[in-house]
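J.: give me a model of this one.
(one chain, ligands or ions: 1)
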Amino acid sequence: MPKNMSPIDKAKYVAAKRAVSYVEDGMKVGLGTGSTAAWMVRCLGDMVRNEGLSITGVATSTRTATLAREVGVPIVTLDEAKWLDLTIDGTDEYDANLNLIKGGGGALLQEKIVATASDQMVVIADLTKQVDTLGAFPLPVEVIPFGWQTTKALIEETLVNLDVLGRSSALRMNNDAPYITDEGNYILDLQLRRIGNARQLSLVLNQIPGLVENGLFVDICDVVVIGNGDGTVETRDINNGTVEHDQIEVEETDNLFADIAD
Ligand code: 5RP
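T.: Numbers count the residues shown, from 1 in each chain. All right, here's what the predicted structure looks like:
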């Protein structure tokens, strides 16, 4: 375990460590993207290398695939796996119904495809991601580059009739150039501030030509595991209505990072 780990990193780590207890031998597992999901991939790599866990992973981005290979988690394509037992991923926001905003890391399209093709989705987060109403985090939508400014204008016009507080949007940039997703598309971040009806918004947005997918995950997530900087975790299961509390021990001798080239 790295010394001087920040409380937020510790929160992400313990959430990831609790979430991998959902993974069983022989499972096909969707591997999310982002800093929290990266902890989960490292935990799984540790279990594969040191505990004999046998799983097949499906990555939701090229960077997750690279990390998974580095830590020893076998990777196949979604088409090879066809259907998954479980996906574990991070989130940018979650509400009380476990509806999510995702895509802060730019991988929402593959993340949504993979999560939807899974029997169960477990989201790992810290309390800063919890909201009463979705929308403070800008909603990412993936658009094809062709005519993106027209698509942007159409999105903003469409938002006039929907239950949101803001409707401006910005093209996500990577230094001086547009950010390009793994699928070769652009991302628009919608400053909605408050999303009154996530299901309706998701359905309407996906009707707009040129918009490939939006970052709202409605009725996809089953479980949220919330990590805290003191090592405690809360696990909420929306299907059976249970809430569990655990304390995750963080060992100084933890070899999770020992053979990982950063
Ligand atoms: C990537 C995502 C991430 O899961 C989300 O942005 C959370 O990332 P992090 O764990 O780094 O806060 O949706 O597209």
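J.: run a quick neighbour tally on the residue of the stretch 151-262 of the chain found nearest the ligand.
T.: Proximity of the stretch 151-262 of the chain to the ligand (CB to the nearest ligand atom) peaks at G215, 7.0 Å away. (C-beta placed from N, C-alpha, C; glycine too.) By other CB atoms under 10 Å, the residues close to G215 number 30.
J.: same check, this time on A125
T.: A125: 23 surrounding residues under other CB under 10 Å.
J.: and the helix or strand that it is a member of, what other elements does it pack with?
T.: Remark: A125 resides in strand 118-126, with elements defined by DSSP states H and E. Contacts defined by 3 or more CB pairs under 8 Å, 6 or more residues apart in numbering; DSSP states H and E place strand 118-126 against helix 7-19, helix 35-51, strand 84-89, strand 223-227.
J.: direction included, what does the third one pair against?
T.: Read it as strand 84-89. Strand 84-89 pairs in its sheet with strand 28-31 (parallel), strand 118-126 (parallel), by DSSP bridges.
J.: what about that strand, average pLDDT?
T.: Across strand 84-89, pLDDT averages out at 98.
J.: could you list the low-confidence segments of the protein?
T.: Regions of the chain meeting the criterion pLDDT under 70 cover residues 1-3, 252-262.
J.: and it, which residues reach the ligand?
T.: Contacts of the chain with the ligand, taken as CB under 6 Å from any ligand atom, map to 32-37, 89-92, 102-108, 111.
J.: one step back: ok, the residue of the stretch 151-262 of the chain closest to the ligand touching G105?
T.: No: with contact defined as CB atoms under 8 Å, G215 does not reach G105; the gap is 10.2 Å.
J.: ok so, going back, so of the strands paired with strand 84-89, which one's packed in deepest?
T.: strand 28-31 (a mean of 26; mean count of other CB atoms under 10 Å).
J.: centre of the chain to that strand, how far?
T.: Averaging C-alpha positions (CA atoms, centre = their mean, to the nearest Å) puts strand 28-31 12 Å from its chain's average.
J.: output that strand as PDB, nothing but the C-alphas.
T.: The C-alpha trace of strand 28-31 is given here as PDB (Å, rounded to 0.1, in the frame of the first residue of the first chain):
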ATOM      1  CA  LYS A  28     -17.000 -12.700 -17.100                       C
ATOM      2  CA  VAL A  29     -16.600  -9.200 -15.700                       C
ATOM      3  CA  GLY A  30     -17.000  -5.800 -17.300                       C
ATOM      4  CA  LEU A  31     -14.100  -3.500 -16.200                       C
END
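J.: how about stretch 72-84: buried residues?
T.: 72-73, 75, 78, 81, 84 (16 or more other CB atoms under 10 Å).
J.: what residue is smack in the middle of this protein?
T.: Centroid check for the chain by CA atoms, centre = their mean gives G90 as the closest residue, at 3.4 Å.
J.: wait, isn't T151 in contact with L205?
T.: No: using CB under 8 Å, T151 makes no contact with L205, being 10.6 Å away.
J.: list residues touching both of the two?
T.: When CB atoms under 8 Å, 6 or more residues apart in numbering defines a contact, the residues bordering T151 and L205 alike are L211.
J.: if we can go back for a sec, quick one: which two of the buried residues of stretch 72-84 are the most distant?
T.: G72 and L78 (20.3 Å; CB to CB).
J.: what are the ranges of the strands in the stretch 51-200 of the chain?
T.: 56-59, 84-89, 93-94, 100-101, 118-126, 139-143, 168-171, 173-174, 177-178, 186-191 (DSSP state E, counting those that start in this stretch).
J.: using a markdown table, please lay out those strands together with distance to E156.
T.: Shown next, in a markdown table, are these (distance: least, CB to CB, whole Å):
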| stretch | distance to E156 |
| --- | --- |
| strand 56-59 | 33 |
| strand 84-89 | 29 |
| strand 93-94 | 21 |
| strand 100-101 | 18 |
| strand 118-126 | 29 |
| strand 139-143 | 11 |
| strand 168-171 | 6 |
| strand 173-174 | 18 |
| strand 177-178 | 18 |
| strand 186-191 | 8 |
